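Peer 1: Give me coordinates for this.
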Amino acid sequence: MKLKLRYIAAALLLSGCASQQVHQSDSNRQTTAKRMLDGNKAAFGTRKLTNKFNSTPFDGFIAQAAKRYGVDETLIKAIIQVESGFRPEVVSKSNAVGLMQIKASTAGRDAYRVKGKSGQPTMRELKDPETNIDLGTAYISILKKQHLEGISNPETLYYATIVAYVNGAGALLRTFDSNRVLAINKINRMTPNEFYQYVQNNHPAPQASRYLWKVQNAYHSLGVTY
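Peer 2: Sure thing, here's the model as predicted:
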């Protein structure tokens, strides 16, 4: 009788442990899913960098610009990594300048306009890290809030903004349709992964797909904690 009672007690104990493990596993999955969902929702929020191993001399400027324009700090940092490798003096063959490789006559002029200024930034301004980061982040905000307005999925908008940063929003939208409204509608019928693959396979500029891949890798390599 005692042996039977011990057997029953052991069975109940094992059942309880198994139930607890299942509950913990479900809880872990829910936590992971929540982090992923929050990450998508915050793709252009002011997510704060907390990994000290990825600190740079420009983190203060990045944080200020992210807060000012409502752009993800990690995205700014990933773009800087890909564009210039954090070298403020870099000038490309096409005259893109500084940390975020801004062209004065295009992105620079657009950023100036949204800041209420006329004309375009000087070479000296674009080589200044604080000014360059401010203007580059303003341009990201312009892409998101104006040129790509209407894209409903935050993750898709994140991908679209990266591609538009390097090759322009117009070229991106024309990849889907020559009519902007139809292009946005087509994009909104896609999942983020379908959009990503479509850009990889159909964007007319070869560097667009490579750039998206590079920025994605840089973004994930930053090891951000939430």
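Peer 1: From the chain's centroid, how far away is the strand or helix carrying residue 113?
Peer 2: According to DSSP states H and E, residue 113 maps onto helix 109-114. Its chain's average C-alpha position is 21 Å from that of helix 109-114, according to CA atoms, centre = their mean, to the nearest Å.
Peer 1: got the buried residues for it?
Peer 2: Across helix 109-114, burial judged by 16 or more other CB atoms under 10 Å covers 109, 110, 111, 112. Bear in mind the C-beta positions are built from the backbone N, C-alpha and C, glycine included.
Peer 1: Stretch 65-76 too?
Peer 2: In stretch 65-76, counting by 16+ other CB under 10 Å, buried: 65, 66, 69, 71, 72, 73, 74, 75, 76.
Peer 1: count of neighbours near the residue lying closest to residue 81 once chain neighbours are set aside?
Peer 2: Of all residues not flanking residue 81 in the chain, residue 218 sits nearest, at 4.4 Å (CB to CB, 6 or more residues apart in numbering). By other CB atoms under 10 Å, 18 other residues sit near residue 218.
Peer 1: how far away is residue 218 from residue 113?
Peer 2: In this view, residue 218 and residue 113 are 28 Å apart by CB to CB, to the nearest Å.
Peer 1: picking that back up, residues in contact with the residue nearest to residue 81?
Peer 2: 77, 78, 79, 81, 82 (CB atoms under 8 Å, 6 or more residues apart in numbering).
Peer 1: Go ahead and confirm the first one touches residue 56.
Peer 2: Yes. Applying CB atoms under 8 Å as the test, residue 77 and residue 56 come out as touching, 7.4 Å apart.
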